[in-house]
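> After the sequence you'll find the predicted model.
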Amino acid sequence: MFRLLVIAAVLFGAWKGYEYYHAKNLAERTPASAPFTLTTTSQPTASFSCDGRKYCSQMTSCQEATYFLKNCPGAKMDGNNDGVPCEQQWCR
């Protein structure tokens, strides 16, 4: 039982470490002189389509998460209901 808890703790730590590393690298690749701002358009973005994804872990960008939140039923990416999806992972 103790071994199982240790393995679970190590796996959880590795997962959280990967998330931190991935978010840090994404932030480093985003130019500081041109910060990303959320904008709304009346026309949906053609490069995205509702395909059943619901969670932040399934998204690849803030723009994609915003599209899914606004246009796809059942999206579960705005825990505090402020209209900004995936704030801990994509939309900071």
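Structure's in. What do you need?
> In the protein, spot the helix with the most residues.
Longest helix in the chain, counting residues (DSSP state H): helix 2-29.
> before we move on, which element is Gly79 in?
Gly79 is part of no helix or strand when elements are defined by DSSP states H and E.
> Same question for Ala65.
helix 62-71.
> what's the angle between that helix and helix 2-29?
Helix 62-71 runs at 100 degrees relative to helix 2-29, counting by axes from the mean of the first three to the mean of the last three CA atoms, to 10 degrees.
> sorry, back to before: average pLDDT across the longest helix of the chain?
Mean per-residue pLDDT for helix 2-29: 79.
> That one packs against which elements?
Judged by 3 or more CB pairs under 8 Å, 6 or more residues apart in numbering; DSSP states H and E, helix 2-29 has no packing partners among the helices and strands. (Each C-beta comes from the backbone N, C-alpha and C, glycine too.)
> Quick check: buried residues in that helix?
For helix 2-29, a neighbour-count test (16 or more other CB atoms under 10 Å) marks nothing as buried.
> Then stretch 67-78?
Buried residues in stretch 67-78 (16+ other CB under 10 Å): 67-69, 72, 75, 77-78.
> now that stretch: mean pLDDT?
90.
> cool, stretch 85-92 as well?
86.
> For that stretch, buried residues please.
85-87, 89-91.
> Going by distance to Ser47, which of the residues you listed wins?
Among the buried residues of stretch 85-92, Trp90 lies closest to Ser47 (CB to CB), at 15.8 Å.
> was I right about that closest one contacting Tyr67?
No: using CB atoms under 8 Å, Trp90 is not in contact with Tyr67; the gap is 11.6 Å.
> export the buried residues of stretch 85-92 to TSV and tack on secondary structure?
Shown next, in TSV, are the buried residues of stretch 85-92 (DSSP: H, G, I helix; E, B strand; the rest coil):
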residue	secondary structure
Pro85	coil
Cys86	coil
Glu87	coil
Gln89	coil
Trp90	coil
Cys91	coil
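> that older thread, now render the buried residues of stretch 67-78 as a markdown table, adding distance to Gly13.
Formatted as a markdown table, the buried residues of stretch 67-78 follow (distance: CB to CB, whole Å):
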| residue | distance to Gly13 |
| --- | --- |
| Tyr67 | 32 |
| Phe68 | 29 |
| Leu69 | 30 |
| Cys72 | 32 |
| Ala75 | 29 |
| Met77 | 24 |
| Asp78 | 27 |
